[in-house]
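Q: coordinates only, sequence not included:
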C-alpha cells in the first residue's frame, strides 16, 4: 500500500498552470487575492468571500468582485483573457431605470464611472452598476494599477445613488498635475495607433491613425470639466463619427455594447458607459476622479491606446450584428 511519501514528486503540492486557460484562471484569482488583501486593510470595509466571489460592503455601498475568463473579440478571438468583473448593487427604488432610453440618454450619459445595466432575469431586482477590468490592458496591476478597481468596489453606490448634493471625492491637485504633465508629454503620433489633432493646457483631441478608423472616431480627454458627483478629474470621451439611420434602436444598441464590453475581451478595461450624446452620436464616456492621478499618472496615454481597440470592436459589432 502506497503512503503519501510514495507519490511521485511532481504530484506533490499545488501545480503551476500548464495551459493558457489555466494561466488565465490563475492570474485572475491571484489578482483578486491581492485586491482582497488591500481592501481588507480598510477598517470601513467588510469582506465576504464565498465560492471564489468577493462581497465588499461599507456603510453606504456594496459590490461583488468576480474573477472571470472573457472570450476574445475581433482580432483577440480564439483565446480567453483573465478579468475581474465588478457589480455594484443599487436600491429597489431605482427599478424605474429599467428602460433602454432612460439609460442611454440620461443615466449612463451622466454616470461617469461604470454602466448601469438592465434588471436581472426580469425578477424585479434593482439594476446593477457594472465594470470589467481586464488584467492585460496595459495598466500596472500591482497596488497602483488596481487603484481604480478598488475605488469602484469601495464607493460605487456613493456616486450612483448621489445621496448628497456634493461631490463624493475631494480635489486632488497632485493627481491633476500628473495628468496635465502627461498631456504635455503626449507625442503627435503613437506608433501608428493615434494622431494628435489638438492640444490645449487641460485637454487633448485625438483621432485613430489606422487607415480604416481615421474618419470613424474621435477621442477627447479633458481635465477642466468637473463631474457633479465625482468632483475634479479626467473626462474621457470616445465618439463614433458614423450616424445611424435607425435612431429608434440606438438606445438598445447602447445596452448591447455595454453588455458586450462586460462579457468579451476587447483589450482595454470597461469602466465607462456607451450612451447617446446630445448630438445623437453613439459615445463612450468615463470620468476618473483626480485622486487616481497619483497612482496612475500615465492614464491619459493608456486611455488613448485603448481607444483604438474600443472603437474597432464597437464598429465591427455594429456592422456585423445588431440586436433586434
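A: Received the coordinates, thanks. Small disclaimer: the values here were computed from a predicted structure and weren't measured.
Q: what about the strands in this structure?
A: Secondary structure of the chain (DSSP state E): strands located at 46-50, 53-57, 62-72, 80-89, 115-117, 128-134, 194-200, 203-208, 217-222, 233-240, 264-265, 273-276, 282-289.
Q: go through the last one and flag the buried ones.
A: Within strand 282-289, the residues scored as buried using 16 or more other C-beta atoms under 10 Å are 282-289. (Each C-beta comes from the backbone N, C-alpha and C, glycine too.)
Q: ok, those residues vs residue 234, which is closest?
A: Of all the buried residues of strand 282-289, the one sitting nearest residue 234 is residue 288; the distance, using C-beta to C-beta, is 4.6 Å.
Q: ok, now which ones touch the closest one?
A: Residue 288 makes contact with 113, 148, 233-234, 236, 271, 299, according to C-beta atoms under 8 Å, 6 or more residues apart in numbering.
Q: can I get those in CSV with distance to residue 249 and pLDDT?
A: Rendered in CSV, the data for those read as follows (distance: C-beta to C-beta, whole Å; pLDDT from 0 to 100):
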residue, distance to residue 249, pLDDT
113, 26, 93
148, 32, 89
233, 32, 97
234, 31, 97
236, 25, 97
271, 25, 94
299, 33, 92
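Q: how far away is residue 53 from residue 77?
A: Distance, residue 53 to residue 77, using C-beta to C-beta, to the nearest Å: 27 Å.
Q: try residue 100
A: Between residue 100 and residue 77 the computed distance is 27 Å (C-beta to C-beta).
Q: of the two, which one has the most company?
A: Relative neighbour count places residue 100 above the other of residue 100 and residue 77, with 18 against 10, counting by other C-beta atoms under 10 Å.
Q: which one is that one nearest to, not counting chain neighbours?
A: Nearest residue to residue 100 in three dimensions, chain neighbours excluded: residue 251, at 3.9 Å (C-beta to C-beta, 6 or more residues apart in numbering).
Q: likewise residue 277?
A: Distance criterion C-beta to C-beta, 6+ apart; nearest residue to residue 277, sequence neighbours excluded, is residue 283 at 4.1 Å.
Q: what sits against that neighbour?
A: With C-beta under 8 Å, 6+ apart as the criterion, the residues that contact residue 283 are 237-240, 274-277.
Q: measure the closest residue to residue 89 other than its chain neighbours to residue 33 for me?
A: Spatial nearest neighbour of residue 89, chain neighbours left out: residue 62 (5.3 Å); criterion: C-beta to C-beta, 6+ apart. Using C-beta to C-beta, one gets 20 Å for the distance from residue 62 to residue 33.
Q: the more surrounded of the two?
A: Relative neighbour count places residue 62 above the other of residue 62 and residue 33, with 19 against 13, counting by other C-beta under 10 Å.
Q: okay, the more buried one: pLDDT?
A: Residue-level confidence at residue 62 comes out at 88, pLDDT.
Q: the closest residue to residue 241 other than its chain neighbours: how many residues sit nearby?
A: Closest residue to residue 241 in three dimensions, ignoring its sequence neighbours and counting by C-beta to C-beta, 6+ apart: residue 216, at 5.5 Å. Neighbours of residue 216 under the rule other C-beta under 10 Å: 16.
Q: got phi/psi on residue 216?
A: Note on residue 216: its backbone torsions stand at phi -100, psi -20 [degrees, to the nearest 10].
Q: dump the contacts of residue 288 into TSV; add neighbour count and distance to residue 28 as well.
A: Below are the contacts of residue 288 laid out as TSV (neighbours: other C-beta atoms under 10 Å; distance: C-beta to C-beta, whole Å):
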residue	neighbour count	distance to residue 28
113	27	21
148	22	17
233	28	28
234	27	27
236	22	25
271	23	17
299	22	22
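Q: which residue packs closest to residue 224, ignoring adjacent ones?
A: Nearest residue to residue 224, sequence neighbours excluded (C-beta to C-beta, 6+ apart): residue 202, at 4.1 Å.
Q: enumerate every residue touching the one you found.
A: With C-beta under 8 Å, 6+ apart as the criterion, the residues that contact residue 202 are 180, 183, 222-224.
Q: got JSON lines for those residues, with distance to residue 46 too?
A: As requested, the contacts of residue 202 are arranged in JSON lines below (distance: C-beta to C-beta, whole Å):
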{"residue": "180", "distance to residue 46": "37"}
{"residue": "183", "distance to residue 46": "39"}
{"residue": "222", "distance to residue 46": "36"}
{"residue": "223", "distance to residue 46": "35"}
{"residue": "224", "distance to residue 46": "38"}
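Q: selecting buried members of those residues in PyMOL, what would you type?
A: One line in PyMOL is enough to select the buried members of those, burial here meaning 16+ other C-beta under 10 Å:
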select buried, resi 180+183+222+223
